[in-house]
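Novice: pasting a predicted model and its sequence here:
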Amino acid sequence: MNSRITKALLAVAILAVVLAAGILIGRRSPVPDQTAANGTAPQQQAARPATPTPSEAGVRDPYQRSLAIYEFKKAAQSGPDRGREIFYYKCWFCHNEFAGPQSAPDLKTVFQRKQLLSGRPTTEDGVKEEIREGGAGMAAYKYTLNDADINDLVSYLKSDCCWNSESPPSNPNFRGAGDGLTQ
Amino acid sequence: MAKNISKHRNTVSRLALAAIGLVFAAVSSAHAANAERLLGGAKGNVATDSGQPLEGMMVQLVSQKNNMRTTVYTNVDGKYEFPRLEPGMYTLRIAQPREFQPFVKKDVAINGSPALDDIKLARAFKVELLPFRNDVASQMTGTEWLMSLSGTYEDKRLLTLNCNFCHSYQQILRNHYDEHGWQQIVRRMTHGAGSPLILMRPQGRFNDALEQQLVKWLASVRGPEVPDPSFMTLPRAKGRQTRMIITEYELPRLEMATHDVHGNGDGKIWYSTHRSSFVGLLDPKTGAVKEYHVPLPDKEALPGTHWIHVDKKGIVWGSENWAHNIWRFDPKTEQFSKVHWNVREPINAPMGGNYALGDDGTIWSTRNNKTQGIDSLTGMEVKSFPTKKFASTYGSAISNDNRYFGGGAWPRDGVVVTDLKTGEMWEPDTSPNSGPARGEFDPQNNYWAGMRGGGLVKFDIGKKQVFEYKSPTPFTAFYTAHPDKNGEVWAGESHSGRYARFNPKTEEWVEYVLPEPYGFDRESWVDNSTDPVTVWYTDHDGWITRLQPLD
């Protein structure tokens, strides 16, 4: 019995040592190296002297994603494509393609109507005034959208309105098309 | 003789103990080695322009080939080290420099493990509170916005409890409106159902008095004449928080409201989108995405999915939240099929969105006062267990052994756990405004859920009792929670720009600071095949994030 216990303990000990050795050997296995796969030797560069490195972009970082979101500039810096982004965040949730007659009017044909619900004319200036001053069921956006925002928004309303959930805009930062898009 | 046997026994015992100790040490060491294996790429230092090392700075390399963003963190000595990246040209930048001037350096050649130039950061502001500027305000998390605005905790809590699940707080608080404007917006947001807010309900999310209180507070802090705030900020990452690699992947389209992710078992990641009919499959090695178009709903419904899940056979399942269908996609044939889901809500109101798929093909949820199993191919109920307290759960999960169903009862405060074998059911309350939502079972069959009120809740299957763990960071909301193979729990902290890791044994929180100030995680997926585990989520603003902890 004692002999059996001794043998069992020894077996556990040997197994443990073998396992430990295996793991330790495993640690020494080569680090996966993408450069090797490309046939290019890793290149070591010496650290340069520690000198201040000013931003090449001045005070704004064009890679700051949250800033593009904040300024509605994910798709474009200005124009109808930027207007579409403003439309999506400021207008679409009420003025959308699923809204019935009891909800906010579809804006696809806004410039073809005789007048707006407020009575304002459906001219470019009339629509801008409607956005700035709001209406019975709509906030006045003059405190939060500036002239450039409203110009971009109206350029979208005039040219390419309105939102199509079946065709979300392309992401200009997406480069990994890979197999391509499937429709 | 007896003495000899005893001595022999002692020697053997010591040898065995030493060997076992060696195994533990080796396993622990191997664990660390696995983590360190993730590194070995470009390295460098970050310090102030006066030479003070900066800890917790997020150093990022953006691939010029595919815009994949890899972020690592400086340690207490200001040192950072990237993983080995594909050779090529990159842009080196600091994510969220905040009080420091932005740092962007284009055309950095990466090949192997170069030592990069030291990064010296000059302070942009020599004041404690950061001034309001677009580039600064946009780096602020929802938590920081709320910390920086005046008002009572009660006022702010009205906003965080009722506006935490659709968009960032920044999207609200960056604006100025007069009281009438805030009234219109709050009314539309709290009375409208679904994403297109067209189904207006007389009863909003809260009563008229509280609605007015929220409107008045918003008008008082973000009215036309009210100055913009200066910002007080949360601390940068420290210590263990810096032991993380984050990779962000761009997706082909904007404004899709990306929602869930799930791995396909072959290293690729499926994602769902909330407001379009495109779903996609990301190849993390290349950043390539293959999009698939879910056939359009046959009713006047907003296209868009919610839940996405890959079963053990590789079949992809999803829910059409607005059109009320469950779809099935076979990647081999690239064919979709759909089953209509019978719910009481009108089209374009949420169908409940989240489901749990059992190994036998039964889809589970709690709806209409019962935990019900629906045949995934016919849409017919196959089994149900009536609830006594909670009419429905927001989340749906099934334990690994398929025995238990679990779900958070948001918008109510509690959880539902059902023993699908015996029919026994537990519906414990959780604390007021905790709002447990989505979650998952751990390896011991304890159910975990993220709490909208900020934190985690566990239903202990042994004790039949709930335990709550509040988030260390205020004004955050948890949408979901996922235990890993080791029992640690992972969850995005919406609005605090952090991703939480919670160890139930030690009750230690590690809050990893994210390169973007949102953390809007609606459903994570933990890849347990790696060591340490790898965590995936898609931020609702439209990119996929991979988290690789170094310990």
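Specialist: Cool, got the structure.

Novice: mind listing the helices for the chain?
Specialist: Going with chain A. Here chain A has its helices, by DSSP state H, at A:2-27, A:34-37, A:65-70, A:80-90, A:124-133, A:147-159.

Novice: wait, chain B was what I had in mind.
Specialist: B:2-37, B:134-137, B:142-148, B:153-162, B:170-173, B:179-191, B:208-222.

Novice: can you tell me which of the helices of chain A has the worst average pLDDT?
Specialist: When the helices of chain A are compared by mean pLDDT, helix A:34-37 comes last with a mean of 29.

Novice: next, the distance between the ends of stretch B:528-547.
Specialist: 13 Å (C-alpha to C-alpha, to the nearest Å).

Novice: also stretch B:198-218?
Specialist: 23 Å.

Novice: check whether it contacts chain A.
Specialist: Yes - looking at stretch B:198-218 against chain A by C-beta under 8 Å from any C-beta of the partner chain, the contacts come from B:198, B:200. C-beta here means a position set from N, CA and C on the backbone, and glycine is covered the same way.

Novice: my guess is residue B:387 contacts residue B:425, does it?
Specialist: Yes - contact criterion C-beta atoms under 8 Å: residue B:387 and residue B:425 qualify, at 6.6 Å.

Novice: mutual contacts of those two, please.
Specialist: Counting by C-beta atoms under 8 Å, 6 or more residues apart in numbering or on different chains, the common neighbours of residue B:387 and residue B:425 are B:371, B:416.

Novice: for residue B:460, see how far away the closest residue to residue B:361 other than its chain neighbours is.
Specialist: Spatial nearest neighbour of residue B:361, chain neighbours left out: residue B:376 (4.8 Å); criterion: C-beta to C-beta, 6 or more residues apart in numbering or on different chains. Per C-beta to C-beta, to the nearest Å, residue B:376 is found 30 Å from residue B:460.

Novice: and those two? which has more neighbours close in?
Specialist: Using other C-beta atoms under 10 Å in any protein chain shown, the more surrounded residue of residue B:376 and residue B:460 is residue B:376, with 20 against 16.

Novice: what does the pLDDT read for residue 43?
Specialist: Went with chain A since none was named. Predicted confidence (pLDDT) for residue A:43: 32.

Novice: you answered for a different chain; I wanted chain B.
Specialist: Model confidence at residue B:43 (pLDDT) stands at 97.

Novice: so it bridges to which residues?
Specialist: Beta-bridge partners recorded for residue B:43 (DSSP bridges): residue B:81, residue B:115.

Novice: ok, now which ones touch it?
Specialist: Residue B:43 sits next to B:79-82, B:113-116 when contact means C-beta under 8 Å, 6+ apart.

Novice: hmm, try it at 10 Å
Specialist: A:47, B:59, B:72, B:79-82, B:113-116 (C-beta atoms under 10 Å, 6 or more residues apart in numbering or on different chains).

Novice: cool, residue B:136 as well?
Specialist: With C-beta under 10 Å, 6+ apart, residue B:136 has these contacts: A:67, B:97-99, B:124-125, B:130, B:230-231, B:233.

Novice: ok so, going back, of the contacts of residue B:43, which pair is most distant in space?
Specialist: By the measure C-beta to C-beta, A:47 and B:72 form the most distant pair in those, at 17.0 Å.

Novice: residue A:119: neighbour count?
Specialist: Residue A:119: 9 surrounding residues under other C-beta under 10 Å.

Novice: wait, it touches residue A:126, no?
Specialist: Yes - using C-beta atoms under 10 Å, residue A:119 is in contact with residue A:126, at 9.4 Å.

Novice: ok, back up a step: give the PyMOL command for selecting the buried subset of the contacts of residue B:43.
Specialist: The PyMOL selection below is limited to those of these classed as buried (16 or more other C-beta atoms under 10 Å in any protein chain shown):
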select buried, chain B and resi 59+72+79+80+81+82+113+114+116
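
Novice: thinking again about what came up before, let me know the pLDDT of the residue nearest to residue B:361.
Specialist: Value for residue B:376, per-residue pLDDT: 95.

Novice: same question for the one 3 residues further on.
Specialist: Confidence at residue B:379, expressed as pLDDT, is 93.

Novice: ok, now residue B:486?
Specialist: Reading off the model, residue B:486 has pLDDT 97.

Novice: residue contacts, the closest residue to it other than its chain neighbours?
Specialist: Sequence neighbours aside, residue B:533 is the residue nearest to residue B:486 in space, at 7.4 Å (criterion: C-beta to C-beta, 6+ apart). Each residue near residue B:533 by C-beta under 10 Å, 6+ apart is listed here: B:482, B:484-486, B:488, B:490, B:501, B:526-527, B:547-549.

Novice: now, these that are in strands?
Specialist: B:482, B:490, B:501, B:526-527, B:547-549 (DSSP state E).

Novice: any idea how far residue B:51 is from residue A:116?
Specialist: 62 Å.

Novice: the more surrounded of these two?
Specialist: Set side by side, residue B:51 and residue A:116 show more neighbours around residue A:116, with 17 against 10, by other C-beta under 10 Å.

Novice: beta partners for the residue in the stretch 251-400 of chain B that chain A sits nearest to?
Specialist: Nearest residue of the stretch 251-400 of chain B to chain A, counting by C-beta to the nearest C-beta: residue B:288, 2.1 Å away. Beta-bridge partners for residue B:288, by DSSP bridges, are residue B:283.

Novice: any idea how many residues pack against it?
Specialist: Residue neighbour count, defined by other C-beta under 10 Å, stands at 20 for residue B:288.

Novice: was I right to think it contacts residue A:175?
Specialist: Yes - with contact defined as C-beta under 10 Å, residue B:288 reaches residue A:175; the gap is 9.5 Å.

Novice: in this structure residue B:380 contacts residue B:374, no?
Specialist: Yes - with contact defined as C-beta under 10 Å, residue B:380 counts as touching residue B:374 (6.8 Å).

Novice: mutual contacts of these two, please.
Specialist: Shared contacts of residue B:380 and residue B:374 (C-beta under 10 Å, 6+ apart): B:339, B:342.

Novice: and the two? which has more neighbours close in?
Specialist: The neighbour comparison of residue B:380 against residue B:374 (other C-beta under 10 Å) goes to residue B:374, with 23 against 10.
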